[in-house]
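Undergrad: No sequence on hand, only this structure:
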């Protein structure tokens, strides 16, 4: 499933949409007098993974479809887990994402503890890295310090990376809860 999930995260929008059941519907709520005249809401169900996302914010079905595809990619990265070896060093897409990431600032280069490179959420490798980091957290039974050690970075750096994205933070806490650990704060 690793290659399959990673392929879903990197394939073109058209190919990803081809794997989905697309439903349109009339979205309710605010949006002006023209909102409820057309089926502008979009629901995507990704057949291979079963992930379902919706988009209803815009009055245009095309804009909602574009938003839904973006949400689908992130939902696949956050929700679909692939077993990772607990003590294996970062490899494959995670290692590539780290190699492609922006280098550390000059101040952090002087530090002796390894730090997480800055990965922009707009980067093409961000979702791959996030998915593999959550896989590693799952392999370490939700223990952030063990996952950070397996990734070769500091616990604080991993915690900071997770905290900058609400969806990653929520999924990390869901993983921790599954293993009987307290949620991250």
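TA: It's in. Note that the structure is a prediction, hence the values are computed from the model and not measured. Residues are numbered from 1 along each chain as shown.

Undergrad: lowest-pLDDT helix or strand in the protein?
TA: Using mean pLDDT, DSSP states H and E, helix 106-109 stands out as the lowest-scoring helix or strand of the chain, at a mean of 38.

Undergrad: Count the neighbours of the closest residue to residue 159 other than its chain neighbours for me.
TA: Spatially, and ignoring its direct neighbours in sequence, residue 159 is nearest to residue 144 (6.0 Å; Cβ to Cβ, 6 or more residues apart in numbering). All C-beta atoms are positioned from the backbone trio N, CA, C, and that covers glycine. Using other Cβ atoms under 10 Å, residue 144 has 19 other residues around it.

Undergrad: How about the contacts made by residue 144?
TA: Applying Cβ atoms under 8 Å, 6 or more residues apart in numbering to residue 144 gives the contacts 137, 155, 158-159, 162, 172, 184.

Undergrad: Residue 185 is in contact with residue 159, correct?
TA: No - if you go by Cβ atoms under 8 Å, residue 159 and residue 185 don't touch, sitting 9.7 Å apart.

Undergrad: Between the two, which has more neighbouring residues?
TA: A direct count of neighbours by other Cβ under 10 Å for residue 159 and residue 185 places residue 159 higher, at 18 against 6.

Undergrad: Run through who's touching the one helix or strand the more buried one maps to.
TA: Applying DSSP states H and E as the criterion places residue 159 in helix 155-163. Under the contact criterion Cβ under 8 Å, 6+ apart, helix 155-163 has outside partners 114-116, 119, 133, 144-145, 147-149, 151, 168-169, 172, 184.

Undergrad: name the helices or strands packed onto the helix or strand just after that helix?
TA: Downstream of helix 155-163, the first helix or strand assigned by DSSP H and E is helix 166-178. Judged by 3 or more Cβ pairs under 8 Å, 6 or more residues apart in numbering; DSSP states H and E, helix 166-178 is in contact with helix 61-79, helix 126-139, helix 155-163.

Undergrad: Which residues does the longest one contact?
TA: In other words, helix 61-79. Contacts for helix 61-79 (Cβ under 8 Å, 6+ apart): 5, 8-9, 13, 16-17, 20, 22, 24, 27, 38-44, 46, 49, 51, 53-58, 127-128, 130-131, 134, 167-168, 171.

Undergrad: Write the ChimeraX selection for whichever of those residues are buried.
TA: In ChimeraX, selecting the buried portion of the contacts of helix 61-79, with burial taken from 16 or more other Cβ atoms under 10 Å, looks like this:
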select :5,8,9,16,17,20,27,40,41,42,43,44,46,49,51,53,54,55,56,58,127,128,130,131,134,168,171
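
Undergrad: Give me the subset of the contacts of helix 61-79 lying in helices.
TA: Residues of the contacts of helix 61-79 located in helices (DSSP state H): 5, 8-9, 13, 16-17, 127-128, 130-131, 134, 167-168, 171.

Undergrad: sorry, back to before: check the contacts of helix 155-163 and tell me the two furthest apart.
TA: By the measure Cβ to Cβ, 114 and 169 form the most distant pair in the contacts of helix 155-163, at 21.6 Å.

Undergrad: Nothing else from me, thank you.
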